[in-house]
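1. let's see this in three dimensions:
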Amino acid sequence: MRRTQLYLDDDLWSTLHTNALRQGTTISSLVREAVRERYLGKLDERRKAMETFVGISKGNARQKSAVEIVRGLRKGRRIEMLERE
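-> Below you'll find the predicted structure:
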């Protein structure tokens, strides 16, 4: 973790201070949480996106390797390329 210094206007500091007291945490913790949510996204949203991404490949009995996929994409195009020449 790195340390940084922020300049906050009085209204913002007061709001953060009040919320920190109410939640039993620190202003630093509230700022880290807000920055994390703003720039990294909420944990639940990231987890759901990852589960959706991983779920794309579910149900396939056998996954094709990257080599098989590339060969499949290239298959047949070589003949077309030769015919153009």
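
2. helix or strand: which one has residue 47?
-> In this assignment (DSSP states H and E), residue 47 forms part of helix 43-55.

3. contact partners of that helix?
-> The contact list for helix 43-55, computed with CB atoms under 8 Å, 6 or more residues apart in numbering, reads residue 40. All C-beta atoms are positioned from the backbone trio N, CA, C, and that covers glycine.

4. who does the very next helix or strand once past that helix touch, helix- and strand-wise?
-> Proceeding N to C from helix 43-55, the next assigned helix or strand is helix 66-74, under DSSP H and E. Packed against helix 66-74, as judged by 3 or more CB pairs under 8 Å, 6 or more residues apart in numbering; DSSP states H and E, are no other helices or strands.

5. dump helix 66-74 to CSV, keeping only the CA atoms.
-> Extracted C-alpha coordinates of helix 66-74, given in CSV (Å, rounded to 0.1, in the frame of the first residue of the first chain):
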residue,chain,number,x,y,z
ALA,A,66,-5.9,-22.3,-29.7
VAL,A,67,-4.0,-24.0,-32.4
GLU,A,68,-7.1,-25.9,-33.5
ILE,A,69,-9.1,-22.7,-33.6
VAL,A,70,-6.5,-20.9,-35.7
ARG,A,71,-6.2,-23.8,-38.1
GLY,A,72,-10.0,-23.9,-38.4
LEU,A,73,-10.1,-20.2,-39.2
ARG,A,74,-7.3,-20.6,-41.8
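
6. how far does that helix sit from the chain's center?
-> 28 Å (CA atoms, centre = their mean, to the nearest Å).

7. same thing with stretch 38-57?
-> On CA atoms, centre = their mean, the centre of stretch 38-57 falls 6 Å from that of its chain.

8. what mean pLDDT does it have?
-> For stretch 38-57, mean pLDDT is 75.

9. list the buried residues for that stretch?
-> Buried residues in stretch 38-57, defined by neighbour count with 16 or more other CB atoms under 10 Å: none.
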